[in-house]
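[1] Take this sequence and fold it.
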Amino acid sequence: MKRTFFRTASTGTARRFGAGVLLMGLALSASAKDGSLSGTAPPAPAMKAKPGAKAKHWFQVGVASWYGTKFQGRKTAGGEPFDMNKMTCAHRSLPLGTWLRVTNLKNHRTAYVQVNDRGPVLQDRIVDLSFAAARTLGLSGVGQVRLEPVSNNDPAMALAVVAQLQIPVLPPGR
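    You can find the predicted model right below:
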């Protein structure tokens, strides 16, 4: 007696489905290094997810470094002059203008930075932070970090960016 998994689907449909799943699995396993997405662009937005299904959350874990005075004033990939005192970073594949939450895995400090340049040059690094971002994270040289994209309207990011501005607030009437 012949058994089939797909009772409602024709044999051709079942084979195409199985081949698609196999190809997708091979593509995902080939793109991942040591279980992380290091060095790859974030996945394209999923088609339509089922109601109640969790969306996949892209993140990257690896070594971060920082750059400062040597590049101060030089043109970035985004076309603006590099300012080591702004909360920016260089990433190889994320779109320019992307906001990231960067967490130092040693001390759990967090900073919000915007991608405005390409890099890092060294292959073992996942991101180059500006001097200001590295100082906020407590990095003195290199360190392990976690990168997560955030939307422009993330409330935690808004509060952190306002706190990083360090604008003195004058009392009313002054």
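
[2] switch to C-alpha atoms for all contacts and neighbour counts from now on
    Will do.

[3] what does stretch 147-161 contact?
    For stretch 147-161, the surrounding residues in contact (Cα atoms under 8 Å, 6 or more residues apart in numbering) are Trp58, Phe59, Gln60, Val61, Thr98, Trp99, Leu100, Arg101, Val102, Thr103, Ala111, Tyr112.

[4] can you give me the strands for this structure?
    Assigned by DSSP state E, the chain shows strands spanning 60-67, 88-90, 99-104, 110-117, 125-130, 143-150.

[5] Adding mean neighbour count, distance to Lys75 and mean pLDDT as columns, could you present these in TSV?
    TSV is the format used below for those (neighbours: other Cα atoms under 10 Å; distance: least, Cα to Cα, whole Å; pLDDT from 0 to 100):
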stretch	mean neighbour count	distance to Lys75	mean pLDDT
strand 60-67	20	14	95
strand 88-90	28	12	96
strand 99-104	22	20	96
strand 110-117	24	9	94
strand 125-130	27	14	96
strand 143-150	20	24	96
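
[6] Make JSON lines from those strands and add distance to Phe82 to it.
    JSON lines is the format used below for the strands of the chain (distance: least, Cα to Cα, whole Å):
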{"stretch": "strand 60-67", "distance to Phe82": "10"}
{"stretch": "strand 88-90", "distance to Phe82": "9"}
{"stretch": "strand 99-104", "distance to Phe82": "17"}
{"stretch": "strand 110-117", "distance to Phe82": "9"}
{"stretch": "strand 125-130", "distance to Phe82": "9"}
{"stretch": "strand 143-150", "distance to Phe82": "21"}
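
[7] closest to Pro81 out of the ones you listed?
    strand 110-117 (9.8 Å; Cα to Cα).

[8] Now do the closest one against strand 99-104, angle only.
    Calculated by axes from the mean of the first three to the mean of the last three Cα atoms, to 10 degrees, strand 110-117 forms an angle of 130 degrees with strand 99-104.

[9] what lines up beside strand 110-117 in the sheet?
    strand 88-90 (parallel), strand 99-104 (antiparallel) (DSSP bridges).

[10] which stretch among the strands of the chain comes nearest Val162?
    Using Cα to Cα, the nearest of the strands of the chain to Val162 is strand 110-117, at 10.9 Å.

[11] For that closest one, list the C-alpha coordinates in CSV.
    Extracted in CSV, the C-alpha atoms of strand 110-117 (Å, rounded to 0.1, in the frame of the first residue of the first chain):
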residue,chain,number,x,y,z
THR,A,110,23.2,50.6,24.7
ALA,A,111,23.5,53.4,22.1
TYR,A,112,21.4,54.3,19.0
VAL,A,113,23.4,55.1,15.9
GLN,A,114,22.6,55.8,12.3
VAL,A,115,24.4,54.0,9.4
ASN,A,116,26.1,56.7,7.2
ASP,A,117,29.2,55.0,5.9
